[in-house]
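Enquirer: Below: sequence and its predicted model.
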Amino acid sequence: MLGRNGKTEQASAKRIVVVGGSAAGPKVAARARRLDEQAEIVIIQKGPDLSMASCGYPYYVGGVFDDRNLLLTTPAGTVRNPAFYLKAKGIVARTETEATSIDRARKTVTVLDLKTRTEAARVLMGRGWTNVKVLEGAIAAWPYPREK
């Protein structure tokens, strides 16, 4: 990128926070990594598991396999945990961490560490984020009135 002085300047790295780490969140984070190898990427996941293969639940519940951990592994059998994302993709994944608020003006995400019950306003890498993706999933709703 050419700066005002006509010399080449390094573009500042993108800082991306992905809220939600079940299925869509890690996919978005991995895609962001493929598009920008220099981006700083953090996944915030409320639950203990990352990249849960929800589509496999019917097979697990139906008894096709009995090891729930198979829903958390790559086809090669590697568990998709924070260490996997850091080593394989250079993505920081924080599990058991809840995003409690997003301040768009200050570019901060306030998180609650569910293990220690401590809350902190996190400015990603001290400079604020450039992009936040919220992919929280959903809670099933019963479409019919409940009988009393």
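Expert: Alright, I've got the coordinates.

Enquirer: so where's this structure shaky on pLDDT?
Expert: For the chain, the stretches with pLDDT under 70 are 1-12, 120-129, 135-144, 146, 148.

Enquirer: swap the cut-off to 50 and go again
Expert: 1-9, 123-126 (pLDDT under 50).

Enquirer: how about the helices in it?
Expert: In the chain, the helices defined using DSSP state H lie at 24-35, 57-61, 82-89.

Enquirer: Comparing those, which comes out most buried?
Expert: Of all the helices of the chain, helix 24-35 carries the top mean neighbour count, a mean of 17, counting by mean count of other CB atoms under 10 Å. Glycine gets a C-beta too; all of them are placed from N, C-alpha and C.

Enquirer: what angle separates it from helix 82-89?
Expert: 20 degrees (axes from the mean of the first three to the mean of the last three CA atoms, to 10 degrees).

Enquirer: Packing partners of helix 24-35?
Expert: Applying 3 or more CB pairs under 8 Å, 6 or more residues apart in numbering; DSSP states H and E, one finds that helix 24-35 contacts strand 15-19, strand 40-44, helix 82-89, strand 131-134.

Enquirer: could you dump the ones you listed to CSV with distance to residue 102?
Expert: Shown next, in CSV, are the helices and strands packed on helix 24-35 (distance: least, CB to CB, whole Å):
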stretch, distance to residue 102
strand 15-19, 8
strand 40-44, 10
helix 82-89, 21
strand 131-134, 6
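
Enquirer: first to last residue in stretch 114-133, what's the distance?
Expert: 21 Å (CA to CA, to the nearest Å).

Enquirer: contacting residues around residue 131?
Expert: Residues in contact with residue 131 (CB atoms under 8 Å, 6 or more residues apart in numbering) are 14, 15, 16, 17, 32.

Enquirer: Whichever of these end up buried, select them in PyMOL.
Expert: PyMOL command restricting the contacts of residue 131 to the buried ones, with burial defined by 16 or more other CB atoms under 10 Å:
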select buried, resi 15+16+17+32
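
Enquirer: Just send the contacts of residue 131 back as TSV, with distance to residue 53 too.
Expert: Formatted as TSV, the contacts of residue 131 follow (distance: CB to CB, whole Å):
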residue	distance to residue 53
14	28
15	28
16	23
17	23
32	20
